[in-house]
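> fold the following.
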Amino acid sequence: MALKSVLSDSSQGVLVQQTERPWNTRVFLFIWLSLALFYALWLIACWPGILGQDSLAILKEVDSQREFQSGKPPFWYLHVWLLYGPFQLVEIPILVQTLICVTICARILCWMWINQMRKSFAYCLIGIALGPSIVYYVSSLYSDGIYAIAVTGLTFEAWRCIRQKRIDGIGAWMLCLCIPYALFSRPNGLLNAIILIVLFISLSKPQRLLLGVLAIPWICIAIIAQISFPSRASIGTVFPMALYETVGFLEKRPMGIWERNEPRITEKSVQALTSTGRSLEHIQSYYDHYYWDPLIFFSPP
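A predicted model of the protein is given here:
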């Protein structure tokens with residue numbers, strides 16, 4: 001449906017035009033205030049925001065002066081440490097990341113509106129900016145939501161700048177806002193440096209210097225965070241997935257169907273799970289259908 005809307009808009013000559021319509025600050029403020037009101041009502045209903053196992057882990061890392069380590073990227077720890085640490089109010093980092101996401105969404109929606117992409121605007125507003133999953137993650141103390149929005153904003157601004165062969169004022173501000181969270185809030189974020197590399201190659205020398213001015217300070221901050229807050233533990237991907245799936249085979253099923261075919265995991269798997277002195281019953285008590293975090297933080301590795 002989204003592709004159909006975009007193609008319909010492009011058939012009117014919107015996407016292929018090289019010059020954009022003038023920026024309309026009033027439209028942007030109206031969209032921004034509308035989104036901010038919507039998210040504010042959601043936050044009031046779910047105050048102070050959504051807290052899950054990842055959220056509790058990063059908060060505990062801050063509260064324990066990093067004696068406990070969540071395995072999150074140093075930049076994300078720096079984000080929570082600066083905004084949550086001084087006042088011990090979890091509302092502050094959640095409000096800040098929500099406002100950042102609202103600003104990025106409003107910027108893209110405003111561009112669609114002033115360039116007469118009405119169908120794409122309606123779809124992106126209802127299906128994405130106000131979509132339940134986006135609202136949920138944006139208002140939670142997880143890096144996932146702000147990372148996804150920042151990557152979207154970074155890709156959009158890079159696309160615009162490549163088309164125009166320059167970085168305009170609004171593009172510069174948005175790149176500055178998106179770069180840190182798109183690149184450094186999650187371990188796989190560094191892959192998005194490809195977007196900046198493509199943008200760098202596409203620009204003239206003066207514009208490359210401007211891109212460097214926008215990106216290099218954030219890169220330096222990320223390096224300083226890495227040096228100042230080195231992580232002694234990394235959650236990784238392979239081990240959590242293997243643990244999660246293995247323990248999943250031990251879950252009780254209706255009518256005892258699986259119990260008829262015991263054992264469901266090999267003896268070596270049982271030995272590996274219990275090698276730290278925890279019983280299978282203890283490990284199973286922390287199993288969650290949707291997250292592997294309880295297994296990682298409360299049962300052995």
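> which parts of the stretch 51-200 of the chain are helices?
Assigned by DSSP state H, counting those that start in this stretch, the stretch 51-200 of the chain shows helices spanning 53-63, 74-84, 91-114, 118-123, 132-138, 143-164, 169-184, 193-202.
> could you dump those helices into TSV and include mean neighbour count and distance to W47?
In this view, the C-beta of every residue, glycine as well, is placed from N, C-alpha and C. Output for those, formatted as TSV (neighbours: other CB atoms under 10 Å; distance: least, CB to CB, whole Å):
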stretch	mean neighbour count	distance to W47
helix 53-63	19	14
helix 74-84	21	15
helix 91-114	21	7
helix 118-123	19	30
helix 132-138	17	14
helix 143-164	21	17
helix 169-184	21	23
helix 193-202	15	35
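> I224 is nearest to which of the ones you listed?
helix 74-84 (8.6 Å; CB to CB).
> can I get the helices of the stretch 51-200 of the chain in JSON lines with mean pLDDT?
Putting the helices of the stretch 51-200 of the chain into JSON lines (pLDDT from 0 to 100) gives the following:
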{"stretch": "helix 53-63", "mean pLDDT": "86"}
{"stretch": "helix 74-84", "mean pLDDT": "92"}
{"stretch": "helix 91-114", "mean pLDDT": "95"}
{"stretch": "helix 118-123", "mean pLDDT": "93"}
{"stretch": "helix 132-138", "mean pLDDT": "90"}
{"stretch": "helix 143-164", "mean pLDDT": "93"}
{"stretch": "helix 169-184", "mean pLDDT": "94"}
{"stretch": "helix 193-202", "mean pLDDT": "94"}
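> any idea which of those helices gets closest to I31?
I31 lies closest to helix 91-114 among the helices of the stretch 51-200 of the chain, at 4.5 Å (CB to CB).
> for stretch 90-99, output the C-alpha coordinates as PDB.
The C-alpha trace of stretch 90-99 is given here as PDB (Å, rounded to 0.1, in the frame of the first residue of the first chain):
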ATOM      1  CA  VAL A  90      13.300   8.000  34.200                       C
ATOM      2  CA  GLU A  91      10.800  10.400  32.700                       C
ATOM      3  CA  ILE A  92      13.600  12.700  31.500                       C
ATOM      4  CA  PRO A  93      15.400  10.400  29.000                       C
ATOM      5  CA  ILE A  94      12.000   9.000  27.800                       C
ATOM      6  CA  LEU A  95      10.700  12.600  27.200                       C
ATOM      7  CA  VAL A  96      13.900  13.600  25.400                       C
ATOM      8  CA  GLN A  97      13.900  10.600  23.000                       C
ATOM      9  CA  THR A  98      10.200  11.100  22.400                       C
ATOM     10  CA  LEU A  99      10.700  14.700  21.400                       C
END
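> that one: how far from the chain's middle?
Relative to its chain's centre, stretch 90-99 lies at 13 Å (CA atoms, centre = their mean, to the nearest Å).
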